[in-house]
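*Asks:* Only the shape, not the letters, is given here:
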């Protein structure tokens, strides 16, 4: 194709100018990929730390002292909802943990193994021992274990509010990343205490999209005798922070795109003026108006593809560098790249380059070859 060959030759003869445009696009797209991936990974890390191992929606009895009747109808309703990914009906028992001369208050959550791991992901949070306690065993938090001097295999006594004493053996120690939970919460199977299995103190749910928890909670509020607690209602400040991060990320990316677009457009406009004589001669030799403008579209496409490829490489390099730093620091987090986001960034880079060709396309397509030759 003649316009393509001409465009390639023009770019090759202006190596420095072409290289600067490619680098400009590369820096812009690389910044966009890195910043966008960084903010997205930061949000994912914050969500995982704050609500990743906690319920997103909690069903509790409307009246104190009552329990939720976990009927087949309620179980089916929750299980049939595709937005709900984990269901944990449980008993919550307040006890006094007696170990040596220490007496520490604990809230023991009696819940099945699958349901427990579905909400709290304990099998990934165990720092010692196992995650599936037996009938006389219990899982305790890291902070309580350190404070009471307990290790896996140690025995201690649970003093229940009825006055009964229950011996228990530490089968595992977990770390959920929250000091208050690690110090005051324990997990056990329903066999540890004599509790009913058809009525529970609460039912905890996790949903597929944490920001859609209110959509899941709203219809459940119609169930008689229960009230729903949505994590978003209890974490307004966190939601505001996440939304602010998203807005700031979008603004940074928009201004990067605008800056890159203006830079390319101005450079392409100058290039069109510089190539006016050559285009005029080509038109005088029979090159049509449309094909003369197409020369600059091909230039923009080549620059966009090369610049976008460089930008993806720059973004990937920045992410690799950040991940290398994060691997040795507990204060940082790994950055994951969403392939869809990278594809959108690549499309934006090529699109900016093509849009920047509109000015030279219009100016050269209107060019009068006779006037150009006369003024040469």
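*Replies:* Everything's here; your move. Quick caveat: nothing in here was measured; it's all calculated off a predicted structure.
*Asks:* Where does the prediction get shaky in the stretch 101-250 of the chain?
*Replies:* Scanning the stretch 101-250 of the chain for pLDDT under 70 picks out the ranges 196.
*Asks:* dump the residue contacts of the residue at minimal distance from the centre of the chain.
*Replies:* Nearest residue to the geometric centre of the chain (CA atoms, centre = their mean): residue 44, 3.5 Å. By CB atoms under 8 Å, 6 or more residues apart in numbering, the contact list for residue 44 reads residue 336. To be clear about C-beta, it is placed using only N, CA and C from the backbone, and glycine gets the same treatment.
*Asks:* Determine the three-state secondary structure at it.
*Replies:* Classification of residue 44 using DSSP: H, G, I helix; E, B strand; the rest coil returns helix.
*Asks:* residue ranges for the strands of the stretch 1-150 of the chain, please.
*Replies:* 57-61, 68-69, 84-99, 102-110, 126-129, 137-141 (DSSP state E, counting those that start in this stretch).
*Asks:* Can you say which of those strands is packed in most?
*Replies:* Scoring the strands of the stretch 1-150 of the chain by mean neighbour count under mean count of other CB atoms under 10 Å gives strand 137-141 as the most buried, with a mean of 26.
*Asks:* Give me the angle between that strand and strand 102-110.
*Replies:* 110 degrees (axes from the mean of the first three to the mean of the last three CA atoms, to 10 degrees).
*Asks:* contacting residues around strand 137-141?
*Replies:* Everything outside strand 137-141 that qualifies as a contact, by CB under 8 Å, 6+ apart, is 106, 108, 122, 126, 129, 131, 133, 150, 158, 168-176, 181-189, 192.
*Asks:* Mark which of those residues are buried, thanks.
*Replies:* Buried members of these, counted by 16 or more other CB atoms under 10 Å: 106, 108, 122, 126, 129, 131, 133, 150, 158, 168, 170-176, 181-189, 192.
*Asks:* and those residues, which of them are in helices?
*Replies:* Among the buried ones among the contacts of strand 137-141, the members falling in helices (DSSP state H) are 122, 181-184.
*Asks:* okay, the strands of the stretch 1-150 of the chain in JSON lines with distance to residue 339 next?
*Replies:* Listed next are these as JSON lines, based on distance: least, CB to CB, whole Å:
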{"stretch": "strand 57-61", "distance to residue 339": "30"}
{"stretch": "strand 68-69", "distance to residue 339": "42"}
{"stretch": "strand 84-99", "distance to residue 339": "23"}
{"stretch": "strand 102-110", "distance to residue 339": "38"}
{"stretch": "strand 126-129", "distance to residue 339": "32"}
{"stretch": "strand 137-141", "distance to residue 339": "38"}
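*Asks:* Tell me which of these approaches residue 211 most closely.
*Replies:* Evaluated over the strands of the stretch 1-150 of the chain, closeness to residue 211 peaks at strand 57-61, with 12.4 Å, by CB to CB.
*Asks:* Give me the sheet partners of the closest one and which way each runs.
*Replies:* If you go by DSSP bridges, strand 57-61 pairs up with strand 202-207 (antiparallel), strand 226-230 (antiparallel).
*Asks:* Tell me which of the ones you listed is the most buried.
*Replies:* strand 202-207 (a mean of 24).
*Asks:* Contacts for the helix or strand just after that one, please.
*Replies:* Following strand 202-207 in sequence order, the next helix or strand is helix 213-220 (DSSP states H and E). Residues outside helix 213-220 that contact it (CB under 8 Å, 6+ apart): 56-57, 59, 81, 83-84, 205, 207, 226, 228-233.
*Asks:* redo that, cut-off 10 Å
*Replies:* 51, 55-59, 74, 77-78, 81, 83-84, 203, 205-209, 226-233 (CB atoms under 10 Å, 6 or more residues apart in numbering).
*Asks:* pLDDT below threshold where in the stretch 251-376 of the chain?
*Replies:* In the stretch 251-376 of the chain (pLDDT under 70), the answer is 267-293, 328-332, 359, 361-376.
*Asks:* just the helices in it please.
*Replies:* Assigned by DSSP state H, counting those that start in this stretch, the helices in the stretch 251-376 of the chain fall at 276-284, 289-326, 339-356, 358-365, 369-375.
*Asks:* Report the beta-bridge partners for the nearest residue to residue 171 once chain neighbours are set aside.
*Replies:* Leaving aside its sequence neighbours, residue 171 sits nearest to residue 137 (CB to CB, 6 or more residues apart in numbering; 3.7 Å). Residue 137 has these beta-bridge partners by DSSP bridges: residue 169.
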